[in-house]
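Undergrad: Sequence plus predicted model, see below.
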Amino acid sequence: MVRAWFNTNNRSTAINPSIAISIRASVTCSLSPRLAISRALGSRLPWIAARREADRLLLEEIADHRAAPDGRDDILALLIAAVGDDGEPLTDQELRDQVMTLLVAGHETTATTLAWCLERLQRHPECLERLQREITEGEGDAYLDAVVNETLRTRPVIDSAVRRLTAPIELGGYMLPAGMMVAASIRGAQLSETYERPEEFHPERFLDRAAAPYTLIPFGGGVRRCVGASFAVMEMKAILRSMLQRVKVRVTSEGPERPQRWRRFTITPARGGRVTLDAAAGPQRRRTGHAAPSI
């Protein structure tokens, strides 16, 4: 992930450990306000030091990109070249915030979606077989795209998108004032009767036609749609493709894992997305573990 962001000199390898420490500390502090206060008053110095070091390295990388922009095709270069609604480029602080948001938020949500994807596939052998065949025979990404979309639809990791109103609005016969927080239900939209048999895992529904506007919103919608959406989908597809080229997912007769809220905001498989893997070729070596690694 870091290489995709910077694709540059050895500094990216130095950034990685500091960011990893910052991620672990940030996620731990999100568990509860009490734990956050405890950490802030207790072992706060390692976390602050790691964050400052990550900030320093990121700002150095931003300066290097600005000084020598030619020939760069990484994500940071694209952000530097972008302009806002006012026609102005992002400041160094805004670039830092965008990069850290994607690096931090993109870990847990993407890993959890991959866990759900494997949890769904091992309980739908016909889907697993078709995906395995497409990847093995190099038939393109059509079914892989459909599997990722159907996982995002049936098992959204975030269940709502919250916005603060900047102006009054009438909604469902109610007048809502400016400043009020409103939330769109991602799960409600994606499991509505807009889809035929909405509760079923059926990737084929995305092969014939694209989702209607605002019926597939796992990354939110509007101008504040998750900036890392395309990168997250690309990352999930790359991991699934690489994984299924090397191992076979063993089908299970166990019932589906129950969605549960974890660390206050993400919705994960209750048993961690446990799968059994066999080597794709050669001696069969059984591997059992959780699909989503902890951060």
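TA: It's in. Numbers count the residues shown, from 1 in each chain.

Undergrad: Surely residue 48 forms part of a helix?
TA: Yes - if the criterion is DSSP: H, G, I helix; E, B strand; the rest coil, then residue 48 is within a helix.

Undergrad: can you count the residues close to it?
TA: A total of 12 residues lie near residue 48 under the criterion other Cβ atoms under 10 Å. From N, CA and C alone the C-beta is placed, and that goes for glycine too.

Undergrad: how far away is it from residue 104?
TA: Relative to residue 104, residue 48 is positioned 15 Å away (Cβ to Cβ, to the nearest Å).

Undergrad: in the stretch 51-200 of the chain, which spans are strands?
TA: Under the criterion DSSP state E, counting those that start in this stretch, the stretch 51-200 of the chain contains strands at 160-164, 169-171, 174-176, 181-185.

Undergrad: which other residues reach the second one?
TA: For strand 169-171, contacts defined as Cβ atoms under 8 Å, 6 or more residues apart in numbering pick out 175-176, 182.

Undergrad: Check the third one too.
TA: Around strand 174-176, the neighbours that count as contacts under Cβ under 8 Å, 6+ apart are 165, 168-170, 182.

Undergrad: and what of the first one?
TA: Contacting residues not belonging to strand 160-164 are listed as 179-187, 217, 220-222, 224 [Cβ under 8 Å, 6+ apart].

Undergrad: Taking those residues together, which two end up most distant?
TA: 179 and 187 (25.8 Å; Cβ to Cβ).

Undergrad: for the stretch 151-295 of the chain, what spans make up the helices?
TA: 186-190, 205-208, 229-246 (DSSP state H, counting those that start in this stretch).

Undergrad: Over to the stretch 1-150 of the chain?
TA: Assignment of helices within the stretch 1-150 of the chain using DSSP H, counting those that start in this stretch yields the ranges 2-6, 11-29, 33-41, 44-67, 75-81, 92-121, 125-136, 142-154.

Undergrad: worst average pLDDT in those helices?
TA: Mean pLDDT is lowest for helix 33-41 among the helices of the stretch 1-150 of the chain, at a mean of 51.

Undergrad: Residue 88: neighbour count?
TA: 9.

Undergrad: Kindly report the same for residue 183.
TA: 10.

Undergrad: try residue 114
TA: Other residues lying near residue 114 total 21 when counted by other Cβ under 10 Å.

Undergrad: That one reaches residue 240, doesn't it?
TA: Yes - the criterion here is Cβ atoms under 8 Å, and residue 114 meets it with residue 240 at 7.1 Å.

Undergrad: out of the strands of the stretch 51-200 of the chain, nearest to residue 153?
TA: For the strands of the stretch 51-200 of the chain, the distance to residue 153 is smallest for strand 181-185, at 13.3 Å, taking Cβ to Cβ.

Undergrad: now the closest residue in space to residue 123 that isn't next to it in sequence: how far from residue 121?
TA: With Cβ to Cβ, 6 or more residues apart in numbering as the measure, residue 256 is the residue that lies nearest to residue 123, at 6.0 Å, once sequence neighbours are left out. The spacing between residue 256 and residue 121, counted by Cβ to Cβ, is 12 Å.

Undergrad: Brilliant, that's me finished.
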